[in-house]
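# sequence and predicted structure below; questions after.
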Amino acid sequence: MKLEDLRKIREQAAKELSLRSGKARVKVIVGMGTSGIAAGARDVLAAFVDEISKRDLRDVMVTQTGERGLSSSEPVVEVREADKPVIVYGDMTAEKARRVVTEHIVNGNPVSEYTIEVREG
Amino acid sequence: MTKVRVATVWFSGCAGCHMSFLDLDELLIDLAERIEIVKSPVVDTKEFPENVDVTLIEGAIANEEHYELVREIRERSKIVIAMGDCAVTGNVPAMRNGISVNELLEGVYGNERTTTGTIPNEVVPTLLARVRPVHEVIHVDYFLHGCPPPAAVIGKALLALLDGKTPELVGRDLKFG
Amino acid sequence: MKEILIRIDGKEVSAPAGSTILEVAKQQGIPIPTLCHLDGLSDIGACRMCIVDVGGKIVTSCTTKIAEGMEVITNSDRLAELRRLNLELIFAERNHVCSMCVSNNHCELQDLACDLGMQHVEVPYAYPRLSLDASHPKFIIDQNRCILCGRCVRVCAEVEGAHVWGIAGRGSEARVITELGIDWGDAEMCTDCGKCVQVCPTGAIVEKGKAAAEMEKHPELVTTLKERREND
Amino acid sequence: MTRRLDVLVCSGAACVSSHSAAVRDALSREIDENGLSNEIRIVETGCMGPCELGPVMLVYPDGAFYIHVKPEDAAEIVQEHFLKGRPVKRLLWEDPEARRIVEGKKQIPFFAKQVKVVLRNCGRIDPENIEEYIAADGYEALGKALTQMARNEVIQVITDSGLRGRGGAGFPTGKKWQFVASATGETKYVVCNGDEGDPGAFMDRSLLEGDPHTVIEGMTIAAYAVGASRGYIYIRAEYPLAIKRLQIALGQARKMGLLGENILETGFSFDIEVRMGAGAFVCGEETALIASIEGERGIARVRPPYPAVRGLFGMPTLINNVETWGNIRHIVLNGADWFRSIGTERSPGTKVFALSGKVKNTGLVEIPMGMTLRELIFDIGGGIPNGKKFKAVQTGGPSGGCIPEKYLDTPIDYESLKELGAIMGSGGMIVMDEDNCMVNIAKFFLEFTSDESCGQCVPCRTGLPRMLDILKRITSGNGTMDDLDLLQHLGEMIIETSFCGLGKTAPNPVLSTLKYFEDEYREHIEEKKCRAKVCTDLIAYRIDEDACRACGICAVNCPVGAITGELGKPPYIIDEEACIRCGTCLEVCPFGAVHVLSGELCNQDKREGSK
């Protein structure tokens, strides 16, 4: 093995550790309170994780949070980026999640039709 | 001229040091002019007297009586000399120190080794757990080595003290054994 | 061989590179007390009697090689005090009862006590209960009198080549042993040469049949033997 | 599918012994049952530090830090936290000062003030997985050294960094490397000294368990720099987990061509062997360690020649301590200036300590040099538990010194500690409070060192046990004031004349307590009093007549039947002759009627030698 090979292994393996670095460009926070889960938040979370993984987006972190109080709009998902307003999406589904990944996270265009709140980060 | 008050005591030892003291021969006659033996195994005094100038101690501290007496001696003596290896190092009496007192008494008196078959516990003083050299119990001013110390060494030390000097004990004067 | 200049007790002397301070001192007739050292055997620096002051640092002269410009002090009040306290420790460690010892009057430890002016042993005596092995037909090893100088170990390995002696245990449990701890009488490697007896500085390893004060030893025999072999 | 959670379960030896394996199994089962095994991974890591809180675990990415986790908590953690994103508050670390629950590891004071260099990967990566190590920049420093740096450049960067031996003596590491590099010999050796012998110390073990590759990489870099072809890691046989992980790591490194023949295809070859020691403290001394690796009795050898010139098998040998090795790759990768930016001028970098004793947060901590003892003990350590008063801190393991309160603002560096009569040592740090008797503490450490003396030289072999005898005499009430002088003389003499570092430092606990706590020694001798009420020969238990309700509980519980009395008719009485001073009566009395006395009433004759 040469040094270049070592670096290739590192690139591959770095993903393994990205979760523990606490550094992420985008943070996707899925509301996983009781009502969120009842409204299908599990599927939404799974879709986010799956889509992000397929696209090998290493600087995106998916995490969950508890009840947010917006029960009528569950599942609720928050997307946070540094120096940008926080976008809150409501009534999410697995399909909508995949679209958020493509349009918002990859291309930088928040999906306004799902947006229920925009606030300063 | 008032005589220098000298005492000699005999703790756990074989009396050999006292024999060596007596070996001073004609020096004893000179000494007798200058010192008074106020207490000694050869003097019939029961109590250890007050105001002793020099006390020569033969033997190690082996029982409670020695332990009490040696402290009284220190209080009543200006100069204390440990005379001989038993007083200086524990020597032969201290060879029992690796053995516990019970084991020791059992070994000597137990198992019908004596006619009474019992361990004596009255009249005789209780043994200390360890035999100790004198300086471990009280402060000692001078040490005379040897088993016994040669008469010449005892003489040298006493004469120096009588002349108000510090005994110069060096080289072979310090030989143990 | 390259000569090195050092100052020993204020006196400037030159000696071959590779010499120890002890060797140089001996050549100059400066006495330094030793116990574990014996001419002809390797040095281990165990007994610490031969300590000297080199530029304020205390080192053992038997193991320290001279270096250019070294300032050595072989005797000072402090050195005398350190040696004496060290000697007291040796006396306090085992049961050295001179009056009963076969080596009385022929003992390097006893002699050192005289030379160093040891008045009494201030540290508490240990009074250990130790064994004596008389299983060998000719010799006896009495642990009570052993000072663990290791001369027996070295003479047996370095001169006789038998490797009978060793040291087992650590700290105050350290003991000289014969063949991994079996009785000396059962030690098959022992050639009965008696070199260990001759080099033992105390009455620890002695010949059988000697009464108190009868055992005289001749460690210099080993030194001579070693020299002859090297010269042949 | 990508993972969204990493659950790091500490499997350092301390957490293993508090059953972290059962916690891991339970978590794993729950995760499977909830169908989460694709998105959540359990990683077993090395020691995270706060050992008394174990088993501990850390959940990433949110950084929630769980303590005292039990297997039966697994279901709740998975349901609430992993599924619903609500950390289980009752298991989170709680700040003892602010009484608030802390959700993220970074806000916990125990972690916040630490600077992790050597322990950077400990508790963060899976030590049995070389890929995780590589992901954390592993073996990049080796690659850099082998491909971009000349041998002397590597030595230069270590020299420039000012790194000093973390084994205790603080010798400049670069200088040592230089000696070995310039020595001649057909073979040269690199040795890792992992003979961690201080009671209560586990810095080396934790690093070897938690991040073995860091040590391997450091050694390999050194081997390249000094021209060595073989390495040994000398480690205590009592550290089975560290040995196992080292063996795994060595195997993985060899398989990947990072160790063995032709490393990283640069033509450089080097391999490492693990040697187990039988646990003799003296084998931490480098010449004794060499003797032990060679199969000889572990005793120190004459120096010079130093191991750098003639060491293992008579060849030039570079020996560094585990923690020293742990610094190497970081210095090579980040440069000497970076390293010097941490710590102090003369003691750059960080130091790992095993914090223990009377302090709230015990465990493994890494701090920048120059932090004060007070910060370490009170900020990171959380101060003294149970409202007790700080008395002393002992640094440097059994041969370190005890430092009293007035020096708490001393910065932690080699020189400052030495000035106080203590030493840096390998990183033991034991905190003592008012319930510790300093004479007894000195006795305790001396018992250890005199047991561990190799027995070769007189002052150490014989001097230490004699000092111990004198201390025993004092703690049993038979001491004299002359004993204090004798202890001082003996201690100084042993330091000045001993053969190796063991004897040269072993009297430190006695000398430092004599210096800073002489009044406690005096009390033991003159008043037959132990103020901490620790020395059993100097204490007596008494029952307070007024407080006693004659319930009889003390009498029932006394293991030797030393308490007599009549139910309902106070007071009960303790027979002092029969009492063994075990303290049971004090513990069981519901009315606080049992008191411990020392000095005032126990004036019985303490004659040594009386039967």
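Done, it's in. All of these numbers come straight from a predicted model, not from anything done at the bench.
# which residues touch stretch D:242-256?
Residues outside stretch D:242-256 that contact it (CB atoms under 8 Å, 6 or more residues apart in numbering or on different chains): A:1, A:6, A:9, D:13, D:127-128, D:130, D:139, D:194, D:205, D:208-209, D:212-213, D:215-216, D:233, D:235, D:237, D:259-260, D:271-272, D:274, D:276. C-beta here means a position set from N, CA and C on the backbone, and glycine is covered the same way.
# which element follows the lowest-mean-pLDDT helix or strand in chain D toward the C-terminus?
Across the helices and strands of chain D, the lowest-confidence element by mean pLDDT, DSSP states H and E is strand D:100-101, at a mean of 68. Downstream of strand D:100-101, the next assigned helix or strand under DSSP states H and E is helix D:109-112.
# would you mind listing the buried residues in that next one?
Buried residues in helix D:109-112, counting neighbours by 16 or more other CB atoms under 10 Å in any protein chain shown, are found at D:109, D:110, D:111.
# and which of these is nearest to chain C?
Proximity of the buried residues of helix D:109-112 to chain C (CB to the nearest CB) peaks at residue D:110, which lies at 38.2 Å.
# still on that earlier bit, now, which of the buried residues of helix D:109-112 sits nearest residue D:153?
Using CB to CB, residue D:111 comes nearest to residue D:153 of those, at 35.3 Å.
# quick check: closest non-adjacent residue to that closest one.
Nearest non-adjacent residue to residue D:111, counting by CB to CB, 6 or more residues apart in numbering or on different chains: residue D:105, 5.6 Å away.
# which element follows the longest strand seen in chain D toward the C-terminus?
Longest strand of chain D, by residue count under DSSP state E: strand D:268-277. From strand D:268-277 onward toward the C-terminus, using DSSP H and E, the following helix or strand is helix D:286-293.
# hang on, isn't residue D:464 packed against residue D:503?
Yes - Residue D:464 lies in contact with residue D:503 (CB atoms under 8 Å); the separation is 7.3 Å.
# now do the shared contacts for those two.
Both residue D:464 and residue D:503 are contacted by D:453, D:494, under the criterion CB under 8 Å, 6+ apart.
# for the closest residue to residue D:287 other than its chain neighbours, phi and psi?
In space, and not counting its chain neighbours, residue D:287 is closest to residue D:301: 3.9 Å by CB to CB, 6+ apart. Backbone geometry at residue D:301, expressed as degrees, to the nearest 10, gives phi -110, psi 160.
# burial of residue D:301, as a residue count?
Other residues near residue D:301 number 21, with proximity taken as other CB atoms under 10 Å in any protein chain shown.
# which residues touch the residue nearest to residue D:563 when sequence neighbours are not counted?
Among residues not flanking residue D:563 along the chain, residue D:555 sits closest, at 4.2 Å (CB to CB, 6+ apart). Residue D:555 makes contact with D:561, D:563, D:564, D:565, D:572, according to CB under 8 Å, 6+ apart.
# residue D:555: which element?
Per DSSP H and E: residue D:555 is located in helix D:553-557.
# now the element after that helix, going C-ward?
Counting by DSSP H and E, what follows helix D:553-557 is strand D:563-566.
# show me what that next one is packed up against.
helix D:553-557, strand D:569-574 (3 or more CB pairs under 8 Å, 6 or more residues apart in numbering or on different chains; DSSP states H and E).
# need the ones you listed in TSV (columns: distance to residue C:165).
Output for those, formatted as TSV (distance: least, CB to CB, whole Å):
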stretch	distance to residue C:165
helix D:553-557	55
strand D:569-574	55
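# next, format the ones you listed as TSV and append mean pLDDT.
Formatted as TSV, these follow (pLDDT from 0 to 100):
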stretch	mean pLDDT
helix D:553-557	94
strand D:569-574	92
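# now the helices for the stretch 1-150 of chain D?
D:13-17, D:20-33, D:74-76, D:109-112, D:130-135, D:140-148 (DSSP state H, counting those that start in this stretch).
# quick check: which of these is buried the most?
With neighbours defined as mean count of other CB atoms under 10 Å in any protein chain shown, the helices of the stretch 1-150 of chain D peak in mean count at helix D:130-135, which reaches a mean of 24.
# just checking, what packs against that helix?
Contacts defined by 3+ CB pairs under 8 Å, 6+ apart place helix D:130-135 against helix A:3-21, helix D:212-226, helix D:240-255.
# let's see 6 Å
Counting contacts by 3 or more CB pairs under 6 Å, 6 or more residues apart in numbering or on different chains; DSSP states H and E, helix D:130-135 packs against helix A:3-21.
# orientation of the helix it packs on relative to helix D:140-148 in degrees?
Angle, helix A:3-21 to helix D:140-148, by axes from the mean of the first three to the mean of the last three CA atoms, to 10 degrees: 160 degrees.
# identify each buried residue in helix A:3-21, please.
For helix A:3-21, a neighbour-count test (16+ other CB under 10 Å) marks A:3, A:6, A:9, A:10, A:13, A:14, A:16, A:17, A:18, A:19, A:20 as buried.
# which one of those is nearest residue C:133?
Residue C:133 has its nearest neighbour among those in residue A:6, at 62.4 Å by CB to CB.
# would you map the strands across chain C?
Applying DSSP E to chain C gives strands spanning C:3-8, C:11-16, C:51-54, C:57-60, C:71-73, C:132-133, C:139-142, C:165-168, C:175-178, C:205-207.
# spatially nearest residue to the residue in chain C that chain D sits nearest to, not counting backbone neighbours?
Among all residues of chain C, residue C:174 sits closest to chain D, at 3.1 Å; criterion: CB to the nearest CB. Closest residue to residue C:174 apart from its sequence neighbours, by CB to CB, 6+ apart: residue D:455 at 3.1 Å.
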